[in-house]
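J.: predicted model and sequence follow; I will ask about them next.
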Amino acid sequence: MTRIVLGMIVALAAAFAAQVALAREVGGTFASIDGGTLSLEDWRGGPVLVVNTASRCGFTGQYAGLQDIYDRYRDRGLVVLAVPSDDFRQELGSAAEVKEFCEVNFDLDLPMTDITAVTGPQAHPFYKAVKAETGFEPRWNFNKVLIGPDGAVVETWGSATRPDSRAVTSRIEALLK
């Protein structure tokens, strides 16, 4: 009996260690739309909402909600990271065009990556780690991944969930400083 219990404890410890390792892998570095890099590790200690975006999508209006929650919660530690992607063939042709589109139409000042793959074999390591940890992979533009202060995935939402919805903001508020 004690061997079985000991075996279970060892297995649970190994599973916990694997979860911790996956949570660390969910971090990552992205190419910034402004040049240079953006690192999720730099924002550890506060929540980060990562959203794959596109400029020519029916959900593009959600940029306004992303900027709204960034403005509302950034002083309390929230970072909203927009990840423009052409995986669903709805992004503009260059990072410069995306940046101009977002500034002119939505007055965005939240961090943005360069155009980045979010699905399939070419997906950014962040999205591969999220899929490995949770099974979640963007099925369309404006999917949301909330990362907790410890770097672990807290929750994911699909395109239809607005970034400024109560479902999202209540989870963010619970993680704020």
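T.: Sure thing, it's come through. Residues are numbered from 1 along each chain as shown.
J.: so which strand or helix has the residue nearest the centre of the chain?
T.: Nearest to the mean C-alpha position of the chain, counting by C-alpha atoms, centre = their mean, stands Val50 at 2.1 Å. If you go by DSSP states H and E, Val50 is part of strand 48-53.
J.: past that strand, which element shows up next along the chain?
T.: Downstream of strand 48-53, the first helix or strand assigned by DSSP H and E is helix 62-73.
J.: before we move on, back to that, quick check: buried residues in the strand holding Val50?
T.: By neighbour count on 16 or more other C-beta atoms under 10 Å, the buried set for strand 48-53 is 48-53. C-betas here are computed from N, CA, C, even on glycine.
J.: just give me the neighbour total for Gln62.
T.: Other residues lying near Gln62 total 24 when counted by other C-beta atoms under 10 Å.
J.: roughly how far apart are it and Leu108?
T.: Gln62 sits at a distance of 12 Å from Leu108 (criterion: C-beta to C-beta, to the nearest Å).
J.: follow-up on the earlier one: could you single out the nearest of the buried residues of strand 48-53 to Asp150?
T.: Val48 (11.2 Å; C-beta to C-beta).
J.: now the buried residues of strand 48-53 as JSON lines including distance to Ser94?
T.: Output for the buried residues of strand 48-53, formatted as JSON lines (distance: C-beta to C-beta, whole Å):
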{"residue": "Val48", "distance to Ser94": "25"}
{"residue": "Leu49", "distance to Ser94": "25"}
{"residue": "Val50", "distance to Ser94": "22"}
{"residue": "Val51", "distance to Ser94": "20"}
{"residue": "Asn52", "distance to Ser94": "17"}
{"residue": "Thr53", "distance to Ser94": "15"}
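J.: possible to save these as TSV with pLDDT and distance to Lys131?
T.: As requested, the buried residues of strand 48-53 are arranged in TSV below (pLDDT from 0 to 100; distance: C-beta to C-beta, whole Å):
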residue	pLDDT	distance to Lys131
Val48	97	17
Leu49	98	18
Val50	98	13
Val51	98	16
Asn52	98	13
Thr53	98	18
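J.: between these, which is nearest Thr134?
T.: If you rank the buried residues of strand 48-53 by distance to Thr134 using C-beta to C-beta, Val50 comes first, at 12.6 Å.
J.: ok, that closest one touching Gly148?
T.: No: look at Val50 against Gly148 with C-beta atoms under 8 Å: they stay out of range, at 12.0 Å.
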